[in-house]
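# for reference, the sequence and a predicted model appear below.
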Amino acid sequence: MRMALFDMDGTIFSCKINWRKVRAHIQISDDSILGAIYQQKDPESLEKMRYIESIERENTICAKIRPGIGVLLNFLKKNRIYSVLVTNNSEINTRYLLTKHNISFELIITRESGKWKPDPAPFFLAFQSFGVRPEETISIGDSLLDIQASRAAGISEIYIIKSRNTPKAEGIRVVKGFTELKRLILPEGGDRMSTCRHHELQNIPKPIRIPEM
């Protein structure tokens with residue numbers, strides 16, 4: 001393993017958004033809400049996007065971090081395994097949560113990149129950024145979108161964090177949390193050094209950012 005791709009909402013942080021109700025409210029049945037309305041300029045799409053942003057912001061303010069993520073990220077860093085955050089959420093909300101809880105990733109991909117799940121495009125961006133192949137990557141998420149994007153990107157090792165709404169799918173591994181995930185990644189419980197060639201610091205892409213509001 002050379003890279004771990006993490007989802008954010010519902011995976012690293014709690015998420016109380018009922019997306020089924022959100023879809024019903026804004027009357028969108030497409031697989032990708034963002035694909036239907038994000039960056040659209042018509043008044044209806046803009047209004048729907050403002051509604052989603054308000055729901056996301058409310059959830060962001062009260063979101064709680066899942067135990068064990070800091071230990072896992074430190075383990076990955078020590079073993080020279082790239083950690084990448086791929087979220088459909090906004091850069092503003094992502095920056096708020098990561099700063100508040102003092103955690104970081106070597107690459108952050110938000111919807112401002114123009115790439116979002118279930119499309120595998122953000123995963124391909126991560127592969128290209130570090131020269132890593134799908135078979136050298138694990139994916140950690142909590143939803144069907146994460147599974148769909150992972151499979152479309154050619155990732156076979158998919159972990160889903162257990163919740164009340166855990167999706168049912170073949171070929172995935174459901175874990176209770178990051179402590180269990182760390183044990184599965186390294187069953188012996190000790191550290192192992194990745195055999196991958198570690199990129200020079202200047203070659204590591206900076207997290208995707210947007211200007212301050």
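It's in.

# chain center to stretch 70-83: distance?
On the basis of C-alpha atoms, centre = their mean, to the nearest Å, stretch 70-83 sits 16 Å off its chain's mean C-alpha point.

# now do that stretch, average pLDDT.
Here stretch 70-83 scores 96 as its mean pLDDT.

# now stretch 34-53
Mean pLDDT, computed over stretch 34-53, is 92.

# flag every buried residue along the lengthiest helix in the chain.
Ranked by residue count under DSSP state H, the longest helix found in the chain is helix 43-62. Buried residues in helix 43-62, counted by 16 or more other C-beta atoms under 10 Å: 45, 48, 49, 52, 55, 56, 59, 60. In this view, the C-beta of every residue, glycine as well, is placed from N, C-alpha and C.

# out of those residues, who's nearest residue 10?
residue 59 (9.8 Å; C-beta to C-beta).

# roughly how far does the most far-flung residue of the chain relative to its centre sit from residue 37?
Centroid-distance maximum for the chain: residue 43 at 29.5 Å, with C-alpha atoms, centre = their mean. Plainly put, residue 43 is 11 Å away from residue 37 if you go by C-beta to C-beta, to the nearest Å.

# now swap in residue 19 and tell me
14 Å.

# what of residue 186?
Taken as C-beta to C-beta, the span from residue 186 to residue 37 is 42 Å.

# can you check residue 49 too?
From residue 49 to residue 37 the distance is 5 Å (C-beta to C-beta).

# and the strands in this protein, which stretches?
3-6, 82-86, 107-109, 137-141, 157-161, 173-175 (DSSP state E).

# sheet partners, orientation included, of the second one?
Looking back up the chat, that one is strand 82-86. Sheet pairing for strand 82-86, assigned by DSSP bridges, gives strand 3-6 (parallel), strand 107-109 (parallel).

# pLDDT on the first one, on average?
Spelled out, that is strand 3-6. Throughout strand 3-6, pLDDT has a mean value of 98.

# so what's the nearest residue to residue 12 once chain neighbours are set aside up against?
Nearest residue to residue 12 in three dimensions, chain neighbours excluded: residue 69, at 5.4 Å (C-beta to C-beta, 6 or more residues apart in numbering). Residues in contact with residue 69 (C-beta atoms under 8 Å, 6 or more residues apart in numbering) are 12, 103, 178.
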